[in-house]
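Asks: Fold the following.
(2 chains)
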Amino acid sequence: ELKVEQNPLFLSMQEGKNYTIYCNYSTTSDRLYWYRQDPGKSLESLFVLLSNGAVKQEGRLMASLDTKARLSTLHITAAVHDLSATYFCASQGAQKLVFGQGTRLTINP
Amino acid sequence: GAVVSQHPSRVICKSGTSVKIECRSLDFQATTMFWYRQFPKKSLMLMATSNEGSKATYEQGVEKDKFLINHASLTLSTLTVTSAHPEDSSFYICSAKGGGETQYFGPGTRLLVL
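Replies: Numbers count the residues shown, from 1 in each chain, chains lettered A, B, ... in the order given. Predicted coordinates:
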């Protein structure tokens, strides 16, 4: 059974700092997604990673995928307050998406 | 991009009543729709997968007689919470996919059962 684990689950950081969220998944997967969720809202799609070594960047966020290690990372560069949210990774299983627990990111001025 | 809507966005109902939530794909045909439930500060939990014109496949532990899912057309799926109780209060999110693998998520429906 596919399991997805994120860490850390909570992250409080200062503006301007860099940090990385990790997403491990337990079995071979076709694709890996990253989503953002703001309080009271649904999911906003950030990235989809399809192959080993894939790297995608949008603004201060960069996601990468290592299929051999079954690991994806979401790197935040020079964080700003607007990036405060909960971030989920999800791995595509045979018939369904399996989500990680989510990482609640708080960025303090 | 692909747009999925949900209606209502928010509903409050009395215990024992039934509530229907609609999920629509607005600009594509959704061969498969998914229903998720999210408790506060938790991750999304898949409840069921529905394919147009066939019975939904429920995840283990989800009562199919309580959460009725109908996917009558390629653009509409409904989730009916029957005889709702306070423990059914939650955030319900649907998603839809067309021919590819990407799921497009709806804005969610917040259900409060009093």
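
Asks: can we go C-alpha only for contacts and neighbour counts from here?
Replies: Noted.

Asks: Contact partners for residue 45?
Replies: No chain specified, so I'll use chain A. Shown in contact with A:Ser45 (C-alpha atoms under 8 Å, 6 or more residues apart in numbering or on different chains): A:Tyr33, A:Trp34, A:Tyr35, A:Arg36.

Asks: Sorry, I should have been clearer: chain B.
Replies: Applying C-alpha under 8 Å, 6+ apart, the residues near B:Met45 are A:Phe99, B:Tyr36, B:Arg37, B:Gln38.

Asks: gap between the two ends of stretch A:99-109?
Replies: Separation of the first and last residues of stretch A:99-109 by C-alpha to C-alpha, to the nearest Å is 30 Å.

Asks: At the geometric centre of chain B, which residue sits there?
Replies: B:Trp35 (3.8 Å; C-alpha atoms, centre = their mean).

Asks: Direction included, what does the worst-scoring helix or strand of chain B on mean pLDDT pair up with?
Replies: One helix or strand of chain B scores below all others by mean pLDDT, DSSP states H and E: strand B:67-73, with a mean of 92. Taking DSSP bridges as the criterion, strand B:67-73 forms sheet pairs with strand B:76-81 (antiparallel).

Asks: Give the pairing partners of the helix or strand following the strand it pairs with; include direction for each.
Replies: The element immediately downstream of strand B:76-81 (helix or strand, assigned by DSSP states H and E) is strand B:90-97. As defined by DSSP bridges, the strand partners of strand B:90-97 come to strand B:32-38 (antiparallel), strand B:104-105 (antiparallel), strand B:109-113 (antiparallel).

Asks: Need the contacts of B:Met45 in JSON lines (columns: distance to B:Pro86).
Replies: Converted to JSON lines, the contacts of B:Met45 look like this (distance: C-alpha to C-alpha, whole Å):
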{"residue": "A:Phe99", "distance to B:Pro86": "25"}
{"residue": "B:Tyr36", "distance to B:Pro86": "18"}
{"residue": "B:Arg37", "distance to B:Pro86": "14"}
{"residue": "B:Gln38", "distance to B:Pro86": "15"}
